[in-house]
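Enquirer: this one's sequence-less:
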């Protein structure tokens, strides 16, 4: 069983506005609503690649109901805990001004709701996979990822963490199977600026020395680097293609890596699948399909 956790999921309202002007009434030229959240993206791409997973998290209000409905349409099992107050957040993403977003807060998560999630995680057994991805609501303890990994220690669960700063660093003593910072997030941890694949290698090795088994570093147009548990250091440039939508590319890389690892238990194949899935999503309007990933994989392995 594969489970992904998204503590603060969303409906992403993605719009284009021609000639956007501050202080004026602007009208959209295109609109799209998608389920949002890093763990959710991982679940969707896993499904596209032929692997079932259960998306865990919280849903509130009419937006929460819509989130679950849309995930079901994608074929993802959404085992969300219902929150009786607030609403699942809506994130506005303005495509015509690259990187411009307005993200909602989401509902408060109380101790009872948190324990309900922990009870779901307690069902995981040896050989299962748990993916913890993304930020957490301000109402949650900042060591929540650490608590989860501590709780499942010794069960043989394969754990993946895609988070920033302290959320990531605090889990390292629990030896997660995979962590996936990007080069900027990796640099933030150590107070340095990292721009090239060569520069990230020693810092990726530091994360492994701090406890991570495998460190996968995504670098957008620069490609990716894998510091593997068996001592390999794999790196590759980004495949050639037109960037259409960078949202979810890193999450797709996690899904691709997991798919490749579960297929062959071989790091080079998992790394190539990760790069192919991440790039295929970046080259697509939506998260990558299996056909799109396989097309890019030919380029990665050529």
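Expert: Yep, that arrived. Owing to the predicted nature of the structure, the values given are computational and were not obtained by experimental measurement.

Enquirer: residues making contact with stretch 76-85?
Expert: 9, 40, 43-44, 47, 52-60, 64, 67-68, 71-72, 107-109, 113, 116-117, 120 (CB atoms under 8 Å, 6 or more residues apart in numbering). Using the backbone N, CA and C atoms, a C-beta is placed for each residue, glycine as well.

Enquirer: give the rounded mean pLDDT of it.
Expert: For stretch 76-85, mean pLDDT is 93.

Enquirer: next one: it to chain centre, how far?
Expert: How far stretch 76-85 lies from its chain's middle: 19 Å, per CA atoms, centre = their mean, to the nearest Å.

Enquirer: in strands only, show me the contacts of stretch 76-85.
Expert: 54-60 (DSSP state E).

Enquirer: can you list the buried residues in stretch 112-121?
Expert: 113-114, 117, 121 (16 or more other CB atoms under 10 Å).

Enquirer: by neighbour count, which of the ones in strands among the contacts of stretch 76-85 wins?
Expert: residue 55 (30 neighbours; other CB atoms under 10 Å).

Enquirer: from residue 81, how far off is it?
Expert: From residue 55 across to residue 81, the span is 12 Å (CB to CB, to the nearest Å).

Enquirer: go on, residue 175?
Expert: 28 Å.

Enquirer: same question for residue 274.
Expert: Distance from residue 274 to residue 81, by CB to CB: 30 Å.

Enquirer: so who does residue 71 touch?
Expert: Residue 71 neighbours (CB under 8 Å, 6+ apart): 35, 40, 43-44, 55, 78.

Enquirer: ok, now residue 3?
Expert: 53-56, 120-121, 124, 128-131.

Enquirer: what would the residues you listed look like in a markdown table with pLDDT and distance to residue 282?
Expert: Compiled in a markdown table, the contacts of residue 3 are given as follows (pLDDT from 0 to 100; distance: CB to CB, whole Å):
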| residue | pLDDT | distance to residue 282 |
| --- | --- | --- |
| 53 | 95 | 22 |
| 54 | 95 | 26 |
| 55 | 96 | 22 |
| 56 | 96 | 26 |
| 120 | 95 | 32 |
| 121 | 95 | 31 |
| 124 | 95 | 31 |
| 128 | 95 | 29 |
| 129 | 97 | 24 |
| 130 | 97 | 26 |
| 131 | 97 | 20 |
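
Enquirer: and of these, the nearest to residue 102?
Expert: residue 55 (23.9 Å; CB to CB).

Enquirer: once you drop chain neighbours, what's closest to the closest one?
Expert: Once flanking residues are discounted, residue 55 sits nearest to residue 43: 4.4 Å by CB to CB, 6 or more residues apart in numbering.
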